[in-house]
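Q: Quick one, structure for this:
(chains A and B)
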Amino acid sequence: MTSEPFTMPKSSLRRSGQRQAVFFTTVVVMTGVATWVMADILWRGGLSGIEMALLIFFVPLFGMVTLGFVQAIFGFFILLRQKDPYSVSRTIPEAMPRPDEMPATAIAIPIYNEDVSRVYEGLRTIYLDLVRSGYISRFDIFILSDSNNPNKWIEEEVAWIDLCKQVKGFGRIFYRKRRLGLNRKSGNISDFLRRWGRKYRYMVVLDADSLMEANTLARLVQLMEVNPQAGIIQTVPAPIQGRTFFARLMQFAGTLYGPIFQAGLNYWQAGCGNFWGHNAIIRVAPFMEHCALPMLTAGANTRFMSHDYVEAALMRRANYEVWMDYEIGGSFENLPPTPLDHFCRDRRWCRGNLQHAWLITAQGLHPINRLHLFLGILSYVASPLWLIFLVLGSISAWIFWAGGTVLTFDSDVGFSSFLDIGGGRLALLMFFATLGMLTLPKILAVLLVLTDRVQREKFGGSWRVILGFLTEHTLSALMAPVQMMFNSRFVVEILSGRDVPWNPQSRDAGAGIDWEAILRAHLGNTLVGVIWALIAFFISPVFFWWLSPVTFGLIGSIPISAMLSAPGLGKRLRQMKLFTIPIEAKPTAVVRHLDKNLRAIRHRMDPPDWLAPHYGIMQVVLDPYLNAAHSSLLRHKPKAGQHVTRDLHELQVRLLAKGPAALNRREQMAVLMNVQAVADLHDHVWRMPESSLSPWWRLAMRHFNTLTDRPQTALYR
Amino acid sequence: MHRNMDLSLDAITLPAWNPNDAVAWDEAFGKVENYLRACRVASRLHRARLTALILQRALSRRASNLDVPLATLAIDEARDLIDRWMAGLLPPRENEQPYTMAEGFLSLYLCDAPMRWPNAFLNPRQEPPGFADTLHARLVKTGPELQVSSMVPRAMDRGLIQGWAGSAMDTFDRLPVLRTLFLWTLFAILLVVLFWYTRR
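A: Residues are numbered from 1 along each chain as shown, chains lettered A, B, ... in the order given. Predicted coordinates for the structure are as follows:
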């Protein structure tokens, strides 16, 4: 495959360049003025070393605030015009495409130890919507599994066969399990492309919790067809199905404030957008040709953990555009249900983003892509910077206090003397200006909704929007220092070389609050908050109140986290229609369908605790149908070498004699990946007299015989 | 082949009651019945009939296999019977390779045979209409035909600052962003000048 890189029209480039100049000039001017004012506040008879450091840290921190603020303001004015002239959606006709005009498109869903029910119910919903809309003939769906949990693997296989049987999806829905999960998600996608990529012009990548309407899929293909320079078009997935207080809060914030930030982002990034790893369509040929991930560093044997930004940069380097279509709709995802799940995901993202530092100076990347990479790094590095800034501020205050100096800025020098307000008032002005910059975008987003009757009602009415905004703003302010503490820890851990495991993201709230996990995660934060507040109080009561937004959040992190994690509270809020979002008030057909199916699944009976960790192994070994199904999906390798056969035999003997817990996960996977071993296990376990079986297998057989009259998967109803 | 299997109830002769063997026979009975349940033979009557038949066959083999536990012998008989029944159900292959039992079970599973035809299992005399045809049509395809191609990372000059400095001047005219950066620098200098001016 050797297609020539596409040459982008100059005019398009020029226009976005002008927009970028206007946008970033505004950011730089605002940050510059603020830095100047900050310097003026700090400079009361000279700058000490600490004050100099404070000023240096202030610049990137305030720059980030300004960037968000300016983006929101630009977005607000774009949305006020009702029609975004810079949106890629404007390039397609109103009429939906005809299926016979559409090229073959693959829908790829890489999964890794995910909640199988959620994955397959989402998939079922998408498939049935494609059938209903008549587009199914143009799409092939690939479930690309890297699961290394035997239970999940077996569940995925059973669920795939069941789903195909139920929707008649054989030959249209495919399942592939990699033996080795090399290079994680990006390796999984690359592996798929190497095998089948040439069959498809486009590929839509979905996440395990993604949901996309058939019309959106068709529209994305249409967008790619009319924009041959587009390499990737990223949709903005709307958050759905938040059950906990936290998830509801996040989806409310994302839906309410998201559009103005997205419009602003689209304004400046234009065709130099980013790829977020899922809910996006990709032009396969250039992706295969230009976007294979390089090694992390020359000579290293690891690749980028966070592949999406890099792939977008590589696509742009090949002169293909990367667009974000925030207007297309019909694209959804789930959010982490609790703050701890959110932090857990952040830890992974943090490492991925920090790795991008290796690429920032790479040749050929577009400046905007470099900026994306830099902002991604800064979004995490900002936390330790902020923490250092606050600590330095505290030290500075301590030095004043220890030296017997009254903590005041009211000497009449510098810019404040020109304004005739004194340094203290100037500091207060600066504080409120910063607060305003953080709050105003949200207020503008609220105003946009309040002035639109239809939108207002979809959010539950005016007072609910206002109450939701006030609650969200307060809680996000309280959570911000906690996020700062976590991110700071992540950055330090990652930079000191501690590994970040590739854990699947939790996408469901579970049964209730995990107090143990919350205490373990937040106890340190609480202690830091208490000690810091006490020190601040000793320094000066005034300083204590200046620092209170930080310390109060840390001190209250345990109860706040518990409250936000409670599914019961989330349910009550939903009943009260608080934090309601339009898709919840008026769900589309696919969201309704998915909701209905997932509700039904929640009532199924789970296996008992002693069996649950090895339920998949029990199914494959005992159930003749699942044993056959699993075997048929394995690669039939030529006869293994003698030592492999001997090792496998030893594992089988141990598995039957001592139960699955006697094998570690790798050993379990090794057995389950061998066709002969799988058949032998089934044969042996049934042939062995009960007295020769381990207690675990005896219990498992009893359970299987009395309760399991057919394969238990989420998909049987 | 399965047409020769005698699965009629008339053919069943249960083993004579012998208190010394009772525990072993009970275990064998339980094992076979459980295996048939695992095969989704839902009807108790059908299951009991098949279990008795299988035990009878195990009995007939017992004399020559005294060292094999009775339960093992019975399961072997059950699987042998199932194997032969399935071999008769599936269509012959072009290469005349015999089907494995796993392929038989897979075919039954894919067409939901246990649910659609609950009494058809090991019941060649009462094969429901369409049963065999449905089985024949089943196959599992985990992916479309392969079209193998390569996807390898392109060479990348990571450049660093030296590379930038070298090419910065050359690209200054081509990249308007650099001009903008220059203007920002001027603006920053202006701020610094103002700053010093205000505290003279």
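
Q: For the rest of this, base every contact and every neighbour count on C-alpha atoms.
A: Fine.

Q: which stretches of chain B have low pLDDT?
A: Where chain B drops to pLDDT under 70, the residues are B:1-17, B:94, B:137-143, B:145-148, B:157-175, B:197-200.

Q: how is it carved up into domains?
A: Domain ranges of chain B: B:2-136, B:160-198, per automatic domain parsing.

Q: from these, which stretch is densest packed?
A: For the domains of chain B, the largest average neighbour count (mean count of other C-alpha atoms under 10 Å in any protein chain shown) is found in domain B:2-136, namely a mean of 17.

Q: Quick check: residue A:342 touching residue A:349?
A: No. Checked against C-alpha atoms under 8 Å, the pair residue A:342 and residue A:349 is beyond contact range at 10.5 Å.

Q: where exactly do the helices run in chain B?
A: Using DSSP state H, the helices assigned to chain B run over residues B:22-38, B:44-62, B:70-89, B:101-110, B:113-116, B:131-136, B:160-172, B:176-198.

Q: State the next helix or strand along the chain beyond the least confident helix or strand in chain A by mean pLDDT.
A: Least confident helix or strand of chain A, by mean pLDDT, DSSP states H and E, is helix A:414-419 with a mean of 70. Remark: after helix A:414-419, the chain's next helix or strand is helix A:422-450, criterion DSSP states H and E.

Q: List the buried residues in that following helix.
A: Neighbour-count burial for helix A:422-450 flags A:422-424, A:426-427, A:430, A:434, A:437-438, A:440-450 (criterion: 16 or more other C-alpha atoms under 10 Å in any protein chain shown).

Q: before we move on, back to that, how about the helices of chain B in CSV, adding distance to chain A?
A: What follows is those, written out as CSV (distance: least, C-alpha to the nearest C-alpha, whole Å):
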stretch, distance to chain A
helix B:22-38, 6
helix B:44-62, 13
helix B:70-89, 5
helix B:101-110, 4
helix B:113-116, 9
helix B:131-136, 13
helix B:160-172, 5
helix B:176-198, 5
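
Q: of those, which approaches residue A:188 most closely?
A: Closest approach to residue A:188 among those (C-alpha to C-alpha): helix B:101-110, 27.4 Å.

Q: helices or strands up against the closest one?
A: Here helix B:101-110 touches helix A:624-633, helix B:70-89, helix B:131-136, going by 3 or more C-alpha pairs under 8 Å, 6 or more residues apart in numbering or on different chains; DSSP states H and E.

Q: Quick check: which of those helices is nearest to residue A:362?
A: Checking the helices and strands packed on helix B:101-110 against residue A:362 by C-alpha to C-alpha gives helix A:624-633 as the closest, at 42.4 Å.

Q: and the helix or strand just after the closest one, what does it pack onto?
A: Counting by DSSP H and E, the element after helix A:624-633 in chain order, helix or strand, is helix A:642-658. If you count contacts as 3+ C-alpha pairs under 8 Å, 6+ apart, helix A:642-658 packs onto helix A:665-672, helix A:675-687, helix A:695-707.

Q: As a markdown table, these with distance to chain B, mean pLDDT and mean neighbour count would be great.
A: Formatted as a markdown table, the helices and strands packed on helix A:642-658 follow (distance: least, C-alpha to the nearest C-alpha, whole Å; pLDDT from 0 to 100; neighbours: other C-alpha atoms under 10 Å in any protein chain shown):
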| stretch | distance to chain B | mean pLDDT | mean neighbour count |
| --- | --- | --- | --- |
| helix A:665-672 | 15 | 93 | 18 |
| helix A:675-687 | 5 | 93 | 19 |
| helix A:695-707 | 6 | 87 | 16 |
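
Q: Would you mind saying which of the ones you listed lies nearest residue A:597?
A: Per C-alpha to C-alpha, nearest to residue A:597 of these: helix A:695-707, 23.1 Å.

Q: can you list the residues that contact the closest one?
A: A:611, A:618, A:622, A:656, A:658-659, A:690, B:34, B:37-38 (C-alpha atoms under 8 Å, 6 or more residues apart in numbering or on different chains).

Q: swap the cut-off to 10 Å and go again
A: The list of residues contacting helix A:695-707 from outside it, by C-alpha atoms under 10 Å, 6 or more residues apart in numbering or on different chains, reads A:607-608, A:610-611, A:614-615, A:618-619, A:622-623, A:655-661, A:685-686, A:690-694, A:708, A:710-711, B:31, B:33-38.

Q: and it, C-alpha only, in CSV?
A: This file holds the C-alpha atoms of helix A:695-707, laid out as CSV (Å, rounded to 0.1, in the frame of the first residue of the first chain):
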residue,chain,number,x,y,z
PRO,A,695,-13.1,-30.7,46.5
TRP,A,696,-13.4,-27.6,44.3
TRP,A,697,-14.3,-29.7,41.3
ARG,A,698,-16.8,-31.7,43.3
LEU,A,699,-18.5,-28.5,44.4
ALA,A,700,-18.4,-27.1,40.9
MET,A,701,-20.0,-30.1,39.4
ARG,A,702,-22.7,-30.1,42.0
HIS,A,703,-23.4,-26.4,41.2
PHE,A,704,-23.3,-27.1,37.5
ASN,A,705,-25.6,-30.0,37.7
THR,A,706,-28.2,-28.4,39.9
LEU,A,707,-28.2,-24.8,38.7
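
Q: What residue in the stretch 201-350 of chain A comes nearest to chain B?
A: Nearest residue of the stretch 201-350 of chain A to chain B, counting by C-alpha to the nearest C-alpha: residue A:292, 4.4 Å away.

Q: sec struct for that residue, please.
A: Three-state assignment for residue A:292 (DSSP: H, G, I helix; E, B strand; the rest coil): coil.

Q: List the contacts of the residue nearest to it when sequence neighbours are not counted.
A: Leaving aside its sequence neighbours, residue A:292 sits nearest to residue B:153 (C-alpha to C-alpha, 6 or more residues apart in numbering or on different chains; 4.4 Å). Going by C-alpha under 10 Å, 6+ apart, residue B:153 touches A:288-295.

Q: Same question for residue A:545.
A: A:533, A:536-537, A:551-552.

Q: Closest one of these to chain B?
A: For the contacts of residue A:545, the residue nearest chain B by C-alpha to the nearest C-alpha is residue A:536; the value is 31.0 Å.

Q: What count of nearby residues applies to the nearest residue to the closest one once chain neighbours are set aside?
A: Once flanking residues are discounted, residue A:536 sits nearest to residue A:544: 4.6 Å by C-alpha to C-alpha, 6+ apart. Neighbours of residue A:544 under the rule other C-alpha atoms under 10 Å in any protein chain shown: 19.

Q: quick one, what contacts residue A:544?
A: A:394, A:532-538, A:551.

Q: what pLDDT, on average, does the strand or helix carrying it get?
A: Taking DSSP H and E as the definition, residue A:544 sits inside helix A:541-555. Predicted confidence along helix A:541-555 averages 92 (mean pLDDT).

Q: wait, does stretch A:18-28 contact chain B?
A: Yes. Stretch A:18-28 reaches chain B (C-alpha under 10 Å from any C-alpha of the partner chain) through A:18, A:20-22, A:24-25, A:28.

Q: actually stretch A:228-240, sorry about that
A: No. Figure legend: stretch A:228-240 not in contact with chain B (C-alpha under 10 Å from any C-alpha); closest approach 16.1 Å.

Q: Need the distance between the two termini of that stretch.
A: 32 Å (C-alpha to C-alpha, to the nearest Å).

Q: Name the residues of that stretch that are buried.
A: A:229-240.

Q: Same list, those, but as TSV with pLDDT and secondary structure please.
A: Output for the buried residues of stretch A:228-240, formatted as TSV (pLDDT from 0 to 100; DSSP: H, G, I helix; E, B strand; the rest coil):
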residue	pLDDT	secondary structure
A:229	93	coil
A:230	95	strand
A:231	96	strand
A:232	97	strand
A:233	97	strand
A:234	97	strand
A:235	97	strand
A:236	96	coil
A:237	96	coil
A:238	95	strand
A:239	93	strand
A:240	93	strand
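
Q: ok, so of those residues, who is nearest residue A:646?
A: Residue A:646 lies nearest to residue A:232 out of the buried residues of stretch A:228-240, by C-alpha to C-alpha, at 49.1 Å.
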